[in-house]
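**Q** For reference, the sequence and a predicted model appear below.
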Amino acid sequence: MNIFVLLNTFKMKTFKLTGIGMMEMIEVPDPVITGPKDVLIRMKVLGICGSDIHYYTQGNIGSQKVVYPFAVGHEGAGIVAGVGSGVKTVKQGDIVAIEPAMPCFECDQCRAGRHHTCRKLRFLGCPGQAEGCLSEYIVMPETSCFPLPAVLNADHGSISEPLAIGVYSVSQAGDVSGRDIAILGFGPIGMSVMLAAGAEGATGICVTDMIEERLGIAVREGARLTGNPGREDIVSKFTGSVKTGFDYVFECCGKQDALDEALRLLKPGGKLIVVGIPEFDSWTLNAETARRREISIIFIRRQNGCVETSIEMMASGKIATDRMVTHRFPFSKAKEAFDLVAGYRDGVMKAMIDF
């Protein structure tokens, strides 16, 4: 019997969303290698992303709506269990970081070097594009698989995806060396921005979040000043420290209040980098403040080719992510993990699922 036919007779376990706040473990056929550039991966760890939680609690992000049942998850790493005949860069037994984006490499966006806005993009765990990796096995194209150096483990591989968003966000902002920056929202993406900005020489990093434990992590990572917008006037507190205003403000929580604060924190000619994903359809901004200060606004869409860079920065020691993972769950308790993150409970920063 053909090995791929044989594999397809086996059943793997996967968790799928079945409704708002609902998730079930089910058995489905193992995925199989069908193309020469396919890589079969046995999942080892999966980090829960804020976008996963949007789908879990809201059922959509904008026009991307879940059709149940559906598996989310895109921050993953695993062990190569098999490769297609044309795969050259990874081999069986390698631990690989998974780049969730699968561009076509042919459209106008891809030809322009914008693979993250590919016209035919398939992205793990994105409704209408590709089932996520909250499963024991997945198949990915070789171009989405990055072998990890010996100094890194599977956790680093999983973290490389959100870290890449931080790296990309900072690169889009410009030269942050020696500059004052503020990060509004210190979840995993806000922390990734801080780590990337710090690695590029940013000074005087100020951070906000509603969770005190996260602010404690920010202090240990070297934040000059932190604040809880639910308890204090962030603008007064931060501008008392940086009297001329901030060069860059990164909005990393997707909240209207944070966007309003960002405009008031920025100096004339400053840049607002919007990274957070809102649960609403339209932002509003104070036209007078934005216009008179000539604020530049940059929106971030995931990341573009920065997974490999983030791996290199962790391997070299330029970035240390030791404080990012705060909670771990076995695969069988994935729903408990999602409920913890959705409720912002127990000071959670990053919850990791172990397969």
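**A** Received the coordinates, thanks.

**Q** quick check: domain ranges of the protein?
**A** Following automatic domain parsing, one finds the domains of the chain at 3-147+324-354, 164-299.

**Q** Gly157 is nearest to which of those domains?
**A** domain 3-147+324-354 (2.9 Å; Cβ to Cβ). Just so you know, the C-beta spots here come from the backbone N, C-alpha and C atoms, and that holds for glycine as well.

**Q** pLDDT averaged over the closest one, what's the number?
**A** Taken as a whole, domain 3-147+324-354 has an average pLDDT of 95.

**Q** Next: stretch 293-308.
**A** Average pLDDT, stretch 293-308: 96.

**Q** Tell me which residues are up against it.
**A** Outside stretch 293-308, the residues within contact range by Cβ atoms under 8 Å, 6 or more residues apart in numbering are 97, 99, 101, 113-117, 123, 146, 160-161, 164-165, 167-169, 171-173, 263, 266-275, 285, 289-290.

**Q** Nearest residue to the middle of this structure?
**A** Centre of the chain computed as the mean C-alpha position; nearest residue by Cα atoms, centre = their mean is Pro162, 3.0 Å away.

**Q** Quick one: distance of the one helix or strand it maps to to the chain centre.
**A** For Pro162, the host element (DSSP states H and E) is helix 154-173. The chain centre lies 7 Å from the centre of helix 154-173; the measure is Cα atoms, centre = their mean, to the nearest Å.

**Q** For that helix, which helices and strands make contact with it?
**A** On a contact count with 3 or more Cβ pairs under 8 Å, 6 or more residues apart in numbering; DSSP states H and E, helix 154-173 meets strand 38-47, strand 75-83, strand 95-98, helix 188-199, strand 246-251, strand 266-274, helix 307-316, strand 350-354.

**Q** if you compare these, which one is most tucked away?
**A** strand 246-251 (a mean of 28; mean count of other Cβ atoms under 10 Å).

**Q** wait, the residue nearest to the centre of the chain sits on Gly190?
**A** No: applying Cβ atoms under 8 Å, one finds Pro162 not in contact with Gly190, separated by 10.1 Å.

**Q** on that earlier part again, list only those of the contacts of stretch 293-308 flagged as buried.
**A** 97, 99, 101, 114-116, 123, 146, 160-161, 164-165, 167-169, 171-173, 263, 266-267, 270-275, 285, 290 (16 or more other Cβ atoms under 10 Å).

**Q** what's in contact with stretch 327-341?
**A** Contacts with stretch 327-341, where a contact means Cβ under 8 Å, 6+ apart, come from 13, 15, 21, 23, 25, 48, 52-53, 56, 134, 136, 346, 348, 350-355.

**Q** which of these are buried?
**A** Counted by 16+ other Cβ under 10 Å, the contacts of stretch 327-341 give 15, 23, 48, 52-53, 56, 134, 136, 348, 350-353, 355 as buried.

**Q** Could you report the separation of Ala290 from Asp281?
**A** 20 Å (Cβ to Cβ, to the nearest Å).

**Q** just Gln58 next, same as before
**A** Gln58 sits at a distance of 12 Å from Asp281 (criterion: Cβ to Cβ).

**Q** Repeat that for Met324.
**A** Taking Cβ to Cβ as the measure, Met324 falls 30 Å from Asp281.
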